[in-house]
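K.L.:
would you be able to build a 3D model of this:
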Amino acid sequence: MMTYFNGRSHHIRPLIHNFGPPTAGPGRLRFDVLGPLRVRTGHDTVSVNAQKLQILLAILLIHCDQVVSTEQLTTEIWGTDIPRRASAGVHVYVSQLRKLLGTAGGAGSPIVTRSPGYLLTALPGDLDHHVFQSLVEQGQVHARAQRHENAVECFDAALRLWRGPVLNGLRDCATINAFVAWLEELRLRCTELSIESNLHLGRHHDVIGTLYTLSTDHPLHEAFYRQLMLALYRAERRADALHVYRAARERLRHDLGLEPCRALQDLHHSILLGDDDRLAMAS
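P.N.:
Residues are numbered from 1 along each chain as shown. All right, here's what the predicted structure looks like:
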């Protein structure tokens with residue numbers, strides 16, 4: 001699998017049978033960003049308490065196996081209020097982080113000096129967001145091959161890796177904000193794909209409650225309205241499905257001045273006509 005962020009590509013080895021957060025072996029570090037920043041070794045959690053150290057580690061993890069310049073680290077750590085000896089300050093923070101990670105892992109620090117700055121090296125599977133992306137990709141492969149049971153396993157395993165908002169408490173710099181937005185979009189897509197596969201498996205009753213919550217939490221995400229309408233229709237709740245369309249149309253017109261997308265309009269028309277043949281192919 002290849003993952004993209006900031007225009008750079010990274011290869012991620014598929015983790016086909018690993019459906020849970022892996023435990024770090026002795027001396028091996030795991031880095032978790034799908035929630036508050038966390039470093040694990042074995043069954044222990046390493047505390048990185050100072051916020052500037054957390055920001056430094058987060059930026060190096062976002063650009064894992066890429067060189068991040070001292071200049072960029074200076075901007076990310078201090079923003080516009082950069083002190084006169086900022087470069088020296090970065091060096092001090094890197095030294096502190098190296099010591100912390102080296103002591104925790106027992107096999108030397110993963111942070112390497114490389115002109116014009118530093119990089120953090122990690123093995124496939126050491127970063128939880130890489131595991132997340134790999135599971136999403138595997139789920140998509142299964143879904144395209146109509147192996148929807150396997151697809152749901154992958155998508156749901158990916159979603160279970162999330163412990164809360166990405167890098168919670170560290171959203172004051174541009175790179176982290178962009179990274180968070182990117183991952184949250186991927187999480188939404190994973191959720192949508194999981195529901196789609198569940199609909200293919202005939203689990204329309206099971207997803208209705210979840211879809212009501214999702215359409216409330218993401219009122220401009222039209223895919224969730226479409227899935228909810230379809231699930232309600234298949235659960236013999238045609239009137240409720242039509243009500244969802246009316247509510248979605250009102251929300252979109254009020255907030256954006258737009259009519260629902262063509263997919264929603266076509267589904268609404270098919271439900272009005274009771275076109276079971278077309279609705280059977282709507283997933």
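
K.L.:
what's near enough to touch the closest residue to Thr74 other than its chain neighbours?
P.N.:
Counting by C-beta to C-beta, 6 or more residues apart in numbering, Thr74 lies nearest to Ala86, which is 4.4 Å off, once chain neighbours are set aside. Heads up, the C-betas are built off the backbone N, CA and C, glycines and all. Going by C-beta atoms under 8 Å, 6 or more residues apart in numbering, Ala86 touches Thr74, Ile77, Trp78.

K.L.:
same thing but at 10 Å, please
P.N.:
Listed by C-beta atoms under 10 Å, 6 or more residues apart in numbering, the contact set of Ala86 reads Thr70, Glu71, Leu73, Thr74, Thr75, Ile77, Trp78.

K.L.:
among the residues you listed, which are located in strands?
P.N.:
In strands, judged by DSSP state E, none of the contacts of Ala86 are found.

K.L.:
out of the residues you listed, who's the most crowded?
P.N.:
Highest neighbour count within the contacts of Ala86, by other C-beta atoms under 10 Å: Leu73, with 24 neighbours.

K.L.:
walking through the chain, point out its helices one by one.
P.N.:
51-62, 70-78, 86-105, 128-144, 148-160, 174-200, 204-217, 222-234, 238-256, 262-273, 276-280 (DSSP state H).

K.L.:
for Tyr118, find the nearest of those.
P.N.:
Closest approach to Tyr118 among these (C-beta to C-beta): helix 86-105, 5.8 Å.

K.L.:
circling back: most packed of the helices of the chain?
P.N.:
Neighbour counts (mean count of other C-beta atoms under 10 Å) averaged over each of those peak at helix 222-234, with a mean of 24.

K.L.:
in terms of secondary structure, what does it contact?
P.N.:
Applying 3 or more C-beta pairs under 10 Å, 6 or more residues apart in numbering; DSSP states H and E, we find helix 222-234 packed against helix 174-200, helix 204-217, helix 238-256, helix 262-273, helix 276-280.

K.L.:
could those be laid out in JSON lines, adding distance to Gln138 and mean pLDDT?
P.N.:
Below are these laid out as JSON lines (distance: least, C-beta to C-beta, whole Å; pLDDT from 0 to 100):
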{"stretch": "helix 174-200", "distance to Gln138": "11", "mean pLDDT": "96"}
{"stretch": "helix 204-217", "distance to Gln138": "21", "mean pLDDT": "98"}
{"stretch": "helix 238-256", "distance to Gln138": "31", "mean pLDDT": "97"}
{"stretch": "helix 262-273", "distance to Gln138": "26", "mean pLDDT": "95"}
{"stretch": "helix 276-280", "distance to Gln138": "27", "mean pLDDT": "78"}
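
K.L.:
which secondary element of the chain has the worst mean pLDDT?
P.N.:
strand 8-11 (a mean of 44; mean pLDDT, DSSP states H and E).

K.L.:
residue contacts, Ala241?
P.N.:
Listed by C-beta under 10 Å, 6+ apart, the contact partners of Ala241 are 225, 228-235, 267-268, 271-272, 279.

K.L.:
the residue nearest to it when sequence neighbours are not counted and His204, how far apart?
P.N.:
Spatial nearest neighbour of Ala241, excluding adjacent residues (C-beta to C-beta, 6+ apart): Leu232 at 4.0 Å. Note on Leu232: its distance to His204, by C-beta to C-beta, to the nearest Å, is 8 Å.

K.L.:
need the residues touching each of these two.
P.N.:
Shared contacts of Leu232 and His204, defined by C-beta under 10 Å, 6+ apart, comprise Leu211.

K.L.:
ok, now which ones touch the spatially closest residue to Asn198 that is not a sequence neighbour?
P.N.:
Distances taken as C-beta to C-beta, 6+ apart put Val207 closest to Asn198, at 5.3 Å, once the chain neighbours are dropped. Under the criterion of C-beta under 10 Å, 6+ apart, the neighbours of Val207 are Ser194, Ile195, Glu196, Asn198, Leu199, Leu214, Gln227, Leu228, Leu230, Ala231, Ala235.

K.L.:
if we use 7 Å, what do you get?
P.N.:
Going by C-beta atoms under 7 Å, 6 or more residues apart in numbering, Val207 touches Ile195, Asn198, Leu199, Ala231.

K.L.:
for those residues, which one is nearest Ala157?
P.N.:
Distances from Ala157 to those, taken by C-beta to C-beta, are shortest for Asn198, at 14.4 Å.

K.L.:
tell me how this structure divides into domains.
P.N.:
The chain is divided into the following domains under automatic domain parsing: 1-201, 205-283.
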